[in-house]
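**Student:** my questions are about this predicted structure, shown below with the sequence.
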Amino acid sequence: MKIKVTQADIDAGIRSLRLPLGNRPPRCACCPVARAVRRAFKARRGVAVYSIHIWVGGTGYDSPESVKSFLNCFDRGLTSMPFTFELTKP
């Protein structure tokens, strides 16, 4: 499944590294990739995005390199551009 992270996702996303360590919401609640995955899967919840895996409704997918790179840049406050990635079944 193709997932498109839009500029709107980026603008509405929250960088996890800006939040106090003990008070960080999970990326599933705030990052642009999670917003795009929820939209693509029509899921209101049950989405969790980590550098290594993306979880949707209890199914884990390997995070593509483009997602890992995006999260690293986005969370560090670096310029992040819209992109598309393929999420393949495990």
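**Tutor:** Received, thanks.

**Student:** give me the most central residue, this protein.
**Tutor:** residue 33 (2.4 Å; C-alpha atoms, centre = their mean).

**Student:** find the nearest non-adjacent residue to that residue, please.
**Tutor:** residue 49 (4.8 Å; C-beta to C-beta, 6 or more residues apart in numbering). Where C-beta positions appear, they are placed from N, C-alpha and C, glycine not excepted.

**Student:** quick check: pLDDT value at that neighbour.
**Tutor:** Predicted confidence (pLDDT) for residue 49: 89.

**Student:** coming back round to it: so the residue nearest to the centre of the chain: helix, strand or coil?
**Tutor:** The three-state label given to residue 33 by DSSP: H, G, I helix; E, B strand; the rest coil is helix.

**Student:** thinking it is in contact with residue 72, fair?
**Tutor:** No. Residue 33 lies out of contact with residue 72 (C-beta atoms under 8 Å); the separation is 11.7 Å.

**Student:** where do the strands sit along this structure?
**Tutor:** 2-5, 47-49, 53-56, 59-62, 83-86 (DSSP state E).

**Student:** quick one: contacts of the lowest-mean-pLDDT helix or strand in the chain?
**Tutor:** For the chain, the helix or strand with the lowest mean confidence is strand 47-49, at a mean of 88 (criterion: mean pLDDT, DSSP states H and E). Contacting residues not belonging to strand 47-49 are listed as 26-28, 31, 33-34, 37-38, 41, 54-57, 63, 67, 71 [C-beta atoms under 8 Å, 6 or more residues apart in numbering].
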